[in-house]
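A.B. asks: Need coordinates for the below:
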Amino acid sequence: MKTLYLDCGMGAAGDMLTAALLELLPDRDKVIGELNALGIPGVEMVCEKAQKCGIGGTHMSVRVHGEEESEEMHDHAHTHHHSGLHEIEHIVGALPLSGRIQKDILAVFGMIAEAESHVHGVPVTEIHFHEVGTMDAVADITAVCVLMDRLAPDQVIVSPVHVGSGQVKCAHGILPVPAPATAYILKDVPIYGGEIRGELCTPTGAALLKYFASRFGAMPVMRTLAIGYGMGKKDFPAANCVRALLGETEGTGDTVAELVCNVDDMTAEAIGFASETLLEAGALEVYTVAAGMKKSRPGTVLHVMCTESMKGKMVELVFKHTTTIGIRENISRRYTLARSIRKVQTPYGEVRKKISEGYGATREKYEYEDLARIARERGMSIREVEESL
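C.D. replies: Residues are numbered from 1 along each chain as shown. Purely as a prediction, here's the structure:
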């Protein structure tokens, strides 16, 4: 299983994650050229060699109209001027990227906006970002999402995150570290402080980690194939970098949370709506089991499978969309086949085929939606379509 491990012993920021992931690829200059060719308005990404505590790595410099983001323009949101989420959606929608990558970018921005909305006590629609800071964040988030798509790891494991200590200056004044938005994003994530004073993890870095992490924890047993060092701007007693390790894990599986609750006073429609909502929010699997409840009532046991990083969000949604007053949690290790999709040409046009491989097994299956479309168009049964491909 292809595994990406992110060592965040000195926190994380968007530029550090970009640089660390970039170092994992053999054609770095070509990738930087492709990122700049996307045409993010006024943005130029420059890759520079850097050293921290004697360790060589890469620093990413993002210049907006020739200007590099300063400390005063850090990626904390402002609530009074410049670009809002609608403008960001317009910018991202115009980039020549796949729908999946655009969805990833907007989801990360959504996490940041939700955190700022909570911190400032205003609706998400009123959250706006500083002009230079916004484009810097668009560049960093876009770069990380593109690189994650390029690397295509089967799982992403992130170390506990060092957030720093002390205070940080932003447009609103002096704030404690971690900054309130960062602290909100990192709910349910293992974090720690220490003697190093300063903001080590930014809201952008926190959102990217939270979004892409399959789980947080120690590095698994893995055969490392590539190592990348993404350097931060500041110098500290410890090497200010994110270290990315890409390798293979065999037979170790990953950890998932199973949330279970019993309900005996919900309609089938309400249970169906709750299940769909949980899946749309990122649950790995949602299923129900019929059961006999107390007082001889027929009821339903709802099972929600999710990554540990999504556990808090799933608990909130279960309580919101069901009538349960208690949820049980089981932590399980799972083993999965590596999945990919290949497009194949057939007499009926292009059809997607899902391929699952690993542990000595290979399985192939045509995408149901494609088979159903052909069956409807041709007046055939799905079985007839399958047999004729």
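A.B. asks: How much space separates Thr18 from Ala115?
C.D. replies: Taking C-beta to C-beta, to the nearest Å as the measure, Thr18 falls 21 Å from Ala115. Using the backbone N, CA and C atoms, a C-beta is placed for each residue, glycine as well.
A.B. asks: Same question for Ala361.
C.D. replies: Taking C-beta to C-beta, one finds Ala361 at 41 Å from Ala115.
A.B. asks: Ok, Leu151 next?
C.D. replies: 26 Å.
A.B. asks: Between those two, which has more neighbouring residues?
C.D. replies: Ala115 (27 against 16; other C-beta atoms under 10 Å).
A.B. asks: what about the helices in the stretch 151-300 of the chain?
C.D. replies: 180-185, 203-212, 268-280 (DSSP state H, counting those that start in this stretch).
A.B. asks: Stretch 88-100: which residues count as buried?
C.D. replies: Within stretch 88-100, the residues that qualify as buried are 88, 91-92, 95, 97, counting by 16 or more other C-beta atoms under 10 Å.
A.B. asks: One more: stretch 160-179?
C.D. replies: Buried residues in stretch 160-179, defined by neighbour count with 16+ other C-beta under 10 Å: 161-165, 168, 170, 175, 177-179.
A.B. asks: Turn those into JSON lines, columns for pLDDT and distance to Asn262.
C.D. replies: Formatted as JSON lines, those follow (pLDDT from 0 to 100; distance: C-beta to C-beta, whole Å):
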{"residue": "Val161", "pLDDT": "97", "distance to Asn262": "35"}
{"residue": "His162", "pLDDT": "97", "distance to Asn262": "40"}
{"residue": "Val163", "pLDDT": "96", "distance to Asn262": "38"}
{"residue": "Gly164", "pLDDT": "93", "distance to Asn262": "43"}
{"residue": "Ser165", "pLDDT": "92", "distance to Asn262": "44"}
{"residue": "Val168", "pLDDT": "80", "distance to Asn262": "45"}
{"residue": "Cys170", "pLDDT": "73", "distance to Asn262": "46"}
{"residue": "Leu175", "pLDDT": "87", "distance to Asn262": "43"}
{"residue": "Val177", "pLDDT": "91", "distance to Asn262": "42"}
{"residue": "Pro178", "pLDDT": "93", "distance to Asn262": "37"}
{"residue": "Ala179", "pLDDT": "91", "distance to Asn262": "40"}
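A.B. asks: Pull the contacting residues for Lys2.
C.D. replies: Shown in contact with Lys2 (C-beta atoms under 8 Å, 6 or more residues apart in numbering): 151-155, 246-248, 338.
A.B. asks: lowest-confidence helix or strand of this structure?
C.D. replies: strand 128-129 (a mean of 67; mean pLDDT, DSSP states H and E).
A.B. asks: hey, where'd the helices end up in the stretch 1-150 of the chain?
C.D. replies: Using DSSP H, counting those that start in this stretch, helices in the stretch 1-150 of the chain cover 14-22, 28-37, 85-93, 99-120, 131-151.
A.B. asks: burial count for Ala372?
C.D. replies: 12.
A.B. asks: Do I have it right that it meets Arg383?
C.D. replies: No - when contacts are counted by C-beta atoms under 8 Å, Ala372 is not listed as touching Arg383 (11.8 Å).
A.B. asks: which regions of the stretch 51-200 of the chain lie under the pLDDT threshold?
C.D. replies: Applying pLDDT under 70 to the stretch 51-200 of the chain flags residues 69-83, 129-133, 171-172.
A.B. asks: cutoff 90 now
C.D. replies: 64-87, 116-136, 154-155, 167-175, 194-195 (pLDDT under 90).
A.B. asks: and the most centrally placed residue in the chain, what does it touch?
C.D. replies: Centroid-nearest residue in the chain: Tyr211, 2.1 Å away (criterion: C-alpha atoms, centre = their mean). With contact taken as C-beta under 8 Å, 6+ apart, Tyr211 is in contact with 104, 107-108, 111.
A.B. asks: swap in Ala206?
C.D. replies: Applying C-beta under 8 Å, 6+ apart to Ala206 gives the contacts 12, 161, 178, 182, 185-186, 189.
A.B. asks: Quick check: mean pLDDT of stretch 376-389?
C.D. replies: What stretch 376-389 shows for mean pLDDT is 92.
A.B. asks: got the buried residues for that stretch?
C.D. replies: By neighbour count with 16+ other C-beta under 10 Å, stretch 376-389 contains the buried residues 380, 385.
A.B. asks: Using CSV, list the CA coordinates for that stretch.
C.D. replies: C-alpha atoms of stretch 376-389 as CSV (Å, rounded to 0.1, in the frame of the first residue of the first chain):
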residue,chain,number,x,y,z
ARG,A,376,-31.5,2.5,-20.3
GLU,A,377,-30.3,3.9,-23.6
ARG,A,378,-30.4,0.4,-25.4
GLY,A,379,-33.4,-1.1,-23.7
MET,A,380,-31.3,-3.9,-22.3
SER,A,381,-30.9,-5.5,-18.9
ILE,A,382,-27.7,-4.7,-16.9
ARG,A,383,-26.7,-8.4,-17.2
GLU,A,384,-27.1,-8.3,-21.0
VAL,A,385,-24.8,-5.2,-21.1
GLU,A,386,-22.2,-6.9,-18.9
GLU,A,387,-22.2,-10.0,-21.1
SER,A,388,-21.8,-8.1,-24.3
LEU,A,389,-18.8,-5.9,-23.2
